[in-house]
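Novice: here is a sequence together with a model predicted from it:
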Amino acid sequence: MAKIKVADIKGYKGKRKLTMLTAYDYPLAKLVDKAGIDMVLVGDSLANVVLGLNSTTEVGMVQMLHHAKAVTRAIEQALVIADMPFESYQKHPQDAVDNAKRFIDEAGCDAVKLEWFEQCLQVTEKIVEAGIAVMGHIGLTPQTVDKLGGFKVQGKDAESAKKLIQQALALEKVGCFSLVLECVPDKIAQIITERLSIPTIGIGAGPYTDGQVLVIHDCLGLFDRYRPKFVKQYVNLSAIILDALKQYKQDVEKSLFPDKEHSFTIKEEEIKKLLDSL
Ligand code: KIV
């Protein structure tokens, strides 16, 4: 299959559901691509699920570029989107453009994602003008979670839901090719999805969005520090890996590994020659 383009993602709206998963390294990105997932997000959730940090605000350009490069090395088909880390786009619109360019030019990503903040429209417009595809992100935006009163569902009353709809329409207007809706009531996600001509990608936003995204470590059971209500765990890889590691420990301790199958040999005559020469 050919590489998926931004135009393909836009074109699928209303025709079929879109799939997106996060990935932060080569082996998992390879599997996501092989599974035929449409979009891979190098999320700043890297901070929590890979680096053991408490907040997504704790990763910067250096870490995000490092992991984005590992992901793009693995991908043949999926559209790769890099999360712009905290403070890489909020300070000055030109910094935002320069940093967005690094994800495209240095890491080989296809697009960037920006979380909503006060000057989001102006910054998004500048990045789009520079020829870079931008995915928006509204609702629960973890980088500014303190301003939202914590990890809570957003848009639960008419007034705040109206604000979300206005943000969504404004982001479409300034050129976003798609929009993540995180932790919003299903009916609000439906209204936004129906009013936009670009695809919406939900996480904790119910079934009516154009597509869905999950953090891959949640999906595979590789992260258990907390599990939000919206997460569906498809397999408990932690348990499978733990069993394998215990088996390895036991095999080594009982001298069952390495066995003949996993060892290299040398001809007896060579050993004899060696011993005679010592
Ligand atoms: O960083 C991330 O994983 C995200 C998703 C939750 C959409 O932004």
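Specialist: Nice, I can see it.
Novice: from here on, just use CA atoms for contacts and neighbour counts.
Specialist: Noted.
Novice: model confidence score at Gly149, please.
Specialist: Per-residue pLDDT puts Gly149 at 87.
Novice: and what of Ala205?
Specialist: For Ala205, the model assigns a pLDDT of 98.
Novice: who's in contact with Met135?
Specialist: By CA atoms under 8 Å, 6 or more residues apart in numbering, Met135 lies in contact with 111-114, 176-180.
Novice: surely it is in a strand?
Specialist: Yes. Under DSSP: H, G, I helix; E, B strand; the rest coil, Met135 falls within a strand.
Novice: look at it and report its pLDDT.
Specialist: Listed pLDDT for Met135 reads 98.
Novice: roughly how far apart are Pro258 and Tyr234?
Specialist: From Pro258 over to Tyr234 the distance is 33 Å, taken as CA to CA, to the nearest Å.
Novice: and the stretch 1-150 of the chain, which of its residues are near the ligand?
Specialist: Residues of the stretch 1-150 of the chain lying close to the ligand (CA under 6 Å from any ligand atom) are 22, 43-45.
Novice: measure His67 to Ala23 for me?
Specialist: Where Ala23 is concerned, His67 sits at a distance of 9 Å (CA to CA).
Novice: common neighbours of the two, please.
Specialist: Joint contacts of His67 and Ala23 (CA under 8 Å, 6+ apart) are Val42.
Novice: of these two, which one has the most company?
Specialist: Ala23 (28 against 21; other CA atoms under 10 Å).
Novice: residues contacting that one?
Specialist: 29, 32, 40-43, 71, 215-216.
Novice: who wins on neighbours among these?
Specialist: In the contacts of Ala23, the most neighbours by other CA under 10 Å go to Val42, 30 neighbours.
Novice: so where do the strands sit in the stretch 101-250 of the chain?
Specialist: Using DSSP state E, counting those that start in this stretch, the strands found in the stretch 101-250 of the chain span residues 111-115, 133-139, 178-182, 200-203, 211-214.
Novice: quick one: which of those strands is nearest Gln166?
Specialist: strand 133-139 (10.6 Å; CA to CA).
Novice: note down every partner strand of the closest one and its orientation.
Specialist: In the sheet, strand 133-139 lines up against strand 111-115 (parallel), strand 178-182 (parallel) (DSSP bridges).
Novice: now the last one: how far from the chain's centre is it?
Specialist: In other words, strand 178-182. How far strand 178-182 lies from its chain's middle: 13 Å, per CA atoms, centre = their mean, to the nearest Å.
Novice: which helix or strand contains the residue nearest to Ala2 when sequence neighbours are not counted?
Specialist: Of all residues not flanking Ala2 in the chain, Gln77 sits nearest, at 6.0 Å (CA to CA, 6 or more residues apart in numbering). Gln77 belongs to no helix or strand when assigned by DSSP states H and E.
Novice: ranges for the helices of the protein?
Specialist: 6-11, 26-34, 46-49, 61-74, 93-105, 120-129, 158-173, 186-195, 216-219, 237-253, 268-277 (DSSP state H).
Novice: mind putting the ones you listed into a markdown table with mean pLDDT?
Specialist: Listed next are these as a markdown table, based on pLDDT from 0 to 100:
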| stretch | mean pLDDT |
| --- | --- |
| helix 6-11 | 98 |
| helix 26-34 | 98 |
| helix 46-49 | 98 |
| helix 61-74 | 98 |
| helix 93-105 | 97 |
| helix 120-129 | 98 |
| helix 158-173 | 98 |
| helix 186-195 | 98 |
| helix 216-219 | 98 |
| helix 237-253 | 98 |
| helix 268-277 | 98 |
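Novice: out of the ones you listed, which is closest to Pro85?
Specialist: That would be helix 61-74 among the helices of the chain, by CA to CA, at 6.4 Å.
Novice: what does the closest one contact?
Specialist: 23-27, 29-30, 33, 42, 44, 80, 82-85, 88, 99, 102-103, 106-109.
Novice: out of the strands paired with strand 133-139, which one sits most buried?
Specialist: strand 178-182 (a mean of 27; mean count of other CA atoms under 10 Å).
Novice: ok, back up a step: got CSV for the strands paired with strand 133-139, with distance to Ile266 and mean pLDDT too?
Specialist: As requested, those are arranged in CSV below (distance: least, CA to CA, whole Å; pLDDT from 0 to 100):
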stretch, distance to Ile266, mean pLDDT
strand 111-115, 54, 98
strand 178-182, 59, 98
